[in-house]
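> give me a model of this one.
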Amino acid sequence: MNLTTLGFSTYFEEQLMTFKEESKLANCIPARVTLEHKHSYRVLAEEGEWLATIAGHFAYTSLAREDFPAVGDWVLVEKMVGEEKAIIHKLFERKSVFSRKVAGREITEQIVASNVDIVLLVMSLNADFNLRRLERYLIAAWDSGAKPIIVLTKADLCEDVESMLREVQAIAFGVDIFVTSALSGEGLSDIRVLFTEGITGALLGSSGAGKSTLTNALSGETLMKVSDIREDDAKGRHTTTHRELIVLPNGGCLIDTPGMRELQLWDQGDSLSSSFKDIEKLSVACRYRDCTHQEEPDCAVRQAIIDGALESSRLQSYFKLQRELAFMERKTNTQARLNEQRKWKKIAKGLKKGKKK
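Residues are numbered from 1 along each chain as shown. Below is the predicted model of the structure:
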């Protein structure tokens, strides 16, 4: 397996040179994480594919979830002699990360995919079509550092594709949109050409959106199980149960992910304006620079709603996401302070042990 095919670019080569300056890492080689399960990993290197676990020192110095490898990460591994296993010693700095808050009340980041060049936001053109959910995905995608691309699937099940396409275009500024159908093959060739050698993409969307079908179409073989959608609400069942990176025939890589019914944002306030450029542009014409678009006079945003140029639901979605991101910022700041405290406690504990010896 060629490292370039796997996406090992100059960005990672420069880090490798720094790693190699450490004598204890002289026998280590770069590998990419293709699968993760409870801190056990499957990694792919030029020499082969192995099961891997993290080194004790790595585990000791890792405090938060983002300190551990995730699918798509590049790691430095040491192959165990005589075994199809490896030890992970270092995690390369990520060039892009698509994250979300874990489900439930816990304030923890979940890395969905890392080191991807393009994020394919998959949404079906049936009853599960949801612009508000797509807005969330776009915010997270813009923040990831990868290029967002929208893939509208199941065009054969839609009676008015053009109308729904216009709705998506109205909220996805500067984003390429592809309409596809696995039944007829429409649009699939356009998606394939995106995955040239060294390019990594991630498929993201809700259950039943057609991610697994798209994965099978791009790979040219049945790699992922596919289930029918429920007839009562057009929503899908979870067919992909884990994140996995696969190498495509054209040389690119693809990360398929489990369906996400709800995407809770994670500290992505800077990307809100990228996804709501229409509202941000209108805001410039408001009388007050700090206009909240609520009750202030001469508000250009509210006037646009009256004139029919902006949908009220779009503005309400903007307000909701603003509040959610503000809440996450407060919580993550608190979490960061706690992590820093734990870090120094661990360092102090290690120093005390050293003095006793």
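> state the distance from G208 to D298.
For G208, the distance to D298 equals 45 Å [C-beta to C-beta, to the nearest Å]. Yep, even glycine has a C-beta here, placed from its N, CA and C like the rest.
> who's more crowded, the two?
Using other C-beta atoms under 10 Å as the criterion, G208 and D298 rank with G208 on top: 27 against 11.
> give me the phi and psi angles of the more buried one.
phi 80, psi 0 (degrees, to the nearest 10).
> look at it and report its pLDDT.
At G208, the model reports a pLDDT of 80.
> let me know whether it touches S124 as I believe.
Yes. Counting by C-beta atoms under 8 Å, G208 does reach S124; the two are 6.8 Å apart.
> and stretch 197-204, what's buried?
Buried residues in stretch 197-204, counted by 16 or more other C-beta atoms under 10 Å: 198-204.
> now stretch 21-33
For stretch 21-33, the neighbour count (16+ other C-beta under 10 Å) marks 25, 28-33 as buried.
> want to throw these into a markdown table with secondary structure and pLDDT?
Formatted as a markdown table, those follow (DSSP: H, G, I helix; E, B strand; the rest coil; pLDDT from 0 to 100):
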| residue | secondary structure | pLDDT |
| --- | --- | --- |
| L25 | helix | 86 |
| C28 | coil | 92 |
| I29 | strand | 94 |
| P30 | strand | 96 |
| A31 | strand | 96 |
| R32 | strand | 97 |
| V33 | strand | 96 |
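> next, count neighbours for V75.
A count of nearby residues for V75, using other C-beta under 10 Å, gives 24.
> what pLDDT is listed against it?
Per-residue confidence (pLDDT) for V75: 96.
> which residues does it bridge with?
Taking DSSP bridges as the rule, V75 bridges to A31, L91.
> is it true that it touches I87?
No. V75 lies out of contact with I87 (C-beta under 8 Å); the separation is 9.9 Å.
> hey, what's in contact with both of the two?
Counting by C-beta atoms under 8 Å, 6 or more residues apart in numbering, the shared contacts of V75 and I87 are A52.
> list the contacts of the most centrally placed residue in the chain.
The residue lying closest to the centre of the chain (C-alpha atoms, centre = their mean) is F98, at 2.7 Å. Shown here is F98, whose contacts under the criterion C-beta under 8 Å, 6+ apart are 111-114, 116, 119, 140-141, 144, 146, 202, 204.
> and these, which of them are in helices?
Secondary structure from DSSP state H places 140-141, 144 of the contacts of F98 in helices.
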